[in-house]
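Enquirer: Sharing a sequence plus its predicted fold:
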Protein chains: 2
Amino acid sequence: MVRKTILIFAALVVALLALFQLSKYSILTGDSSIETIISIIAIIFFIIGVIINKRILHKEKSTTNKIDYKKIEELGLSKREYEVLCTVALGLSNKEIAEKLFVSESTIKTHVSNILIKLDAKRRTQAIQIAKELKIIQS
Amino acid sequence: MVRKTILIFAALVVALLALFQLSKYSILTGDSSIETIISIIAIIFFIIGVIINKRILHKEKSTTNKIDYKKIEELGLSKREYEVLCTVALGLSNKEIAEKLFVSESTIKTHVSNILIKLDAKRRTQAIQIAKELKIIQS
DNA sequence: TTAGGACTCATACTAAAGTATGAAATTGAA
DNA sequence: TTCAATTTCATACTTTAGTATGAGTCCTAA
């Protein structure tokens, strides 16, 4: 993360120094005008600015919307319980969840009860909210 | 939207032309080295690139996460019903909502029933999901 | 092999959610 | 003012959700 940024900036400095030499050479030989050099530099650094900013924002976005799997473990949610939690968040009833996962409704009730305890929720709607706040399900 | 972008780019071109003149002047008078000029230009355009990119992405984000008030009207949800819908999405029970809005629990039940009909949902959890998909509540 | 965790299921219960119906008060626009 | 929509409330009911308890199965790590 930090190393990448350092590398990118190092590359930028090198590119800049190279451009210095190019500009000097160009002026001396008269191959191209100073305006062209400056324009190219401006465009290049404009593009670099856009790219770097996009990467940073993309990283932020991916980290803010990412599911916190560590949290799931910390809460002690089992694989099946997490599965049920996700279907609950989709708005399914216990009966529908039971059919979807090929188990009985009473099994789902047991799972949901355990989920509520582990998430410290009173209702399934509250569990959904808490799960989203804890970033353990998609918001 | 588009006009703003044109204006910004026009300003950039003007700034660039101004820098041309400055660079020429500086070289002639020997006030500063060509390296300094180029560095400044590079930094300025890098920053401009970052700012423009940030604005564009911010605009995208704000439009994708914005609440669709037209949809709320289309669905025929009344002011109070929408209010109840929001509290339901927070995970509150009918009783808690009643206390929060200073009305009886039966009133909330009536509202919720009407909300379910208007959102074509079978349960409140499903209503929350649908409302989020329709972008009429915060996701 | 065995102890514990995860998953399953059932029964019996309480609590909450949701439906249906009717009705009164309020409000805003024509 | 009057009419329609909104908001409010109640009662009686059905359905779904959630709790408590006990128990059987399966799998895995010690």
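Expert: Everything's here; your move.

Enquirer: ok, so what distance separates residue A:108 from chain B?
Expert: Distance, residue A:108 to chain B, using CB to the nearest CB, to the nearest Å: 13 Å. Any C-beta I mention is one placed from the backbone N, CA and C, and that applies to glycine too.

Enquirer: and the residue most central in space within chain A, what element?
Expert: The centroid of chain A falls nearest to residue A:62 when counting by CA atoms, centre = their mean (0.7 Å). For residue A:62, the host element (DSSP states H and E) is helix A:34-64.

Enquirer: what sits against residue A:108?
Expert: Residue A:108 is in contact with A:84, A:94, A:97, A:98, A:101, counting by CB atoms under 8 Å, 6 or more residues apart in numbering or on different chains.

Enquirer: Surely the second one touches residue A:105?
Expert: Yes: here residue A:94 lies in contact with residue A:105, judged by CB atoms under 8 Å, at a distance of 5.2 Å.

Enquirer: quick revisit: what's the pLDDT at the residue nearest to the centre of chain A?
Expert: Here the pLDDT value assigned to residue A:62 is 79.

Enquirer: Please apply the same query to residue A:40.
Expert: Value listed for residue A:40 in the pLDDT field: 78.

Enquirer: got the contact list for it?
Expert: Residues in contact with residue A:40 (CB under 8 Å, 6+ apart): none are found.

Enquirer: And it, how far from DNA strand D?
Expert: 60 Å (CB to the nearest atom of the strand, to the nearest Å).

Enquirer: Report the separation between the closest residue to chain B within chain A and residue B:45.
Expert: Nearest to chain B in chain A, going by CB to the nearest CB, is residue A:49, at a distance of 2.4 Å. Distance of residue A:49 to residue B:45, given as CB to CB, to the nearest Å: 7 Å.

Enquirer: Residue A:134 too?
Expert: 42 Å.

Enquirer: Looking at the two now, which is surrounded by more residues?
Expert: Neighbour comparison, residue A:134 and residue B:45: the larger count goes to residue B:45, with 24 against 15 (by other CB atoms under 10 Å in any protein chain shown).

Enquirer: hmm, back to that, more neighbours: which of residue A:94 and residue A:105?
Expert: For the pair residue A:94 and residue A:105, the greater number of neighbours falls to residue A:94 (19 against 14), based on other CB under 10 Å.

Enquirer: per-residue confidence at the more buried one?
Expert: Listed pLDDT for residue A:94 reads 98.

Enquirer: and what of the one 5 residues further on?
Expert: The confidence metric pLDDT takes the value 96 at residue A:99.

Enquirer: Please see if the helix or strand containing residue A:99 touches chain B.
Expert: Using DSSP H and E, residue A:99 maps to helix A:94-101. No: judged by CB under 8 Å from any CB of the partner chain, helix A:94-101 and chain B are separated, with a smallest distance of 9.1 Å.

Enquirer: Could you tell me which other helices and strands that helix packs against?
Expert: With contacts taken as 3 or more CB pairs under 8 Å, 6 or more residues apart in numbering or on different chains; DSSP states H and E, helix A:94-101 sits against helix A:79-89, helix A:105-119.

Enquirer: how about that helix against DNA strand D, any contact?
Expert: Yes: contact between helix A:94-101 and DNA strand D, assessed by CB under 7 Å from any atom of the strand, occurs at A:94, A:95.

Enquirer: Now do that helix: distance to the chain's middle.
Expert: In terms of CA atoms, centre = their mean, to the nearest Å, the centre of helix A:94-101 is set 31 Å apart from its chain centre.

Enquirer: Please name the residues that touch residue A:107.
Expert: Counted by CB under 8 Å, 6+ apart, residue A:107 has contacts residue A:98.

Enquirer: The contacts of residue A:108: which ones sit near DNA strand C?
Expert: Answer for these near DNA strand C (CB under 7 Å from any atom of the strand): residue A:101.

Enquirer: what's the most distant pair in the contacts of residue A:108?
Expert: When CB to CB is used, the two most widely separated members of the contacts of residue A:108 are A:94 and A:101, lying 10.7 Å apart.
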